[in-house]
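J.: Sequence and predicted structure below; questions after.
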Amino acid sequence: MKILELAATPSARRVGIFLAELGIDVPRQQLDLRAGDNLTPEFKSKSVNGRIPLLELDDGSHICESVAICRYFDALNPSEQSLFGNTPLELAQVEMWNRVLELNGLMVAFQAFRNLTGFFKDRERFVEAWGAESRERLIEFLPTLEARLEGRDFVAIDRFSIADITGFVLIGFLPRLELELTDAMPNIRRWHASIAARPAIAKLLAA
Ligand SMILES: N[C@@H](CCC(=O)N[C@@H](CS)C(=O)NCC(=O)O)C(=O)O
């Protein structure tokens, strides 16, 4: 088994943090995305979305999409403290917040970055106006996270979950869009600092 990735990218980071929190070590192969390592016919035949991270299993099957990869390891390692939640209510709350943060936060941030910068113009059309609009939509979304974190240590439930990972990666991506947390977002600041200080995450980010 191995994970094909570029460790510092946000989507690879989501899986990296998830596995670090579970204490699971999986061999990694680093790809050069700028050079188009993920554009080859071979990679595309393995990855449905043509992107990293991609989990390659010993039986020859492949799983792309960061949350799907996390789900695989969660199912392999049953825990009473699953990062996806355990009770029906926890499962629903984690799913809800993870999707909200992904669909209204991280994916919008990616659209902003890709379309404002033309970072991947060798492989996709980019529309600057869409990038600018996406950036605005992201700015408008952040108060939702700020409000949710009022008086809370974690986004979705009363303990750390995959929703915190998605939110943490989102906030870490803001500088790529020349955005930063302001004094108007003290809850996100406090929460982000406490997530960054979690031993597994601090160790991963220092590596
Ligand atoms: N929804 C996917 C997003 C994957 C994704 O966008 N990966 C980026 C790196 S963060 C990538 O492979 N980019 C290369 C490209 O678009 O060609 C996931 O969560 O895994």
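T.: Good, I have the coordinates. This one's a predicted model, so the numbers in the text were calculated from it and none came from an experiment.

J.: helix, strand or coil for Phe141?
T.: Three-state call for Phe141 (DSSP: H, G, I helix; E, B strand; the rest coil): helix.

J.: and the residue nearest to it when sequence neighbours are not counted, how many neighbours?
T.: Leaving aside its chain neighbours, Phe141 sits nearest to Asn104 (4.8 Å; criterion: C-beta to C-beta, 6 or more residues apart in numbering). In this view, the C-beta of every residue, glycine as well, is placed from N, C-alpha and C. Other residues near Asn104 number 18, with proximity taken as other C-beta atoms under 10 Å.

J.: how close does Asn104 get to Thr166?
T.: Separation of Asn104 from Thr166 (C-beta to C-beta, to the nearest Å): 11 Å.

J.: ditto for Phe18
T.: 10 Å.

J.: With Leu6 instead?
T.: 18 Å.

J.: residues in the protein within reach of the ligand, list them.
T.: Where the chain comes near the ligand, counting by C-beta under 6 Å from any ligand atom, the residues are 9-11, 33, 38, 51-53, 65-66, 110, 120, 123.

J.: Most neighbours among those residues, please name it.
T.: Ser66 (29 neighbours).

J.: Can you tell me the SS state at the most far-flung residue of the chain relative to its centre?
T.: Centroid-distance maximum for the chain: Asp59 at 26.4 Å, with C-alpha atoms, centre = their mean. Counting by three-state DSSP, the backbone at Asp59 sits in coil.

J.: show me the contacts for it.
T.: If you count contacts by C-beta atoms under 8 Å, 6 or more residues apart in numbering, Asp59 has none.

J.: okay, now the closest residue to Gly23 other than its chain neighbours: neighbour count?
T.: Leaving aside its sequence neighbours, Gly23 sits nearest to Ala200 (C-beta to C-beta, 6+ apart; 7.3 Å). By other C-beta under 10 Å, the residues close to Ala200 number 16.

J.: Understood, closing this out.
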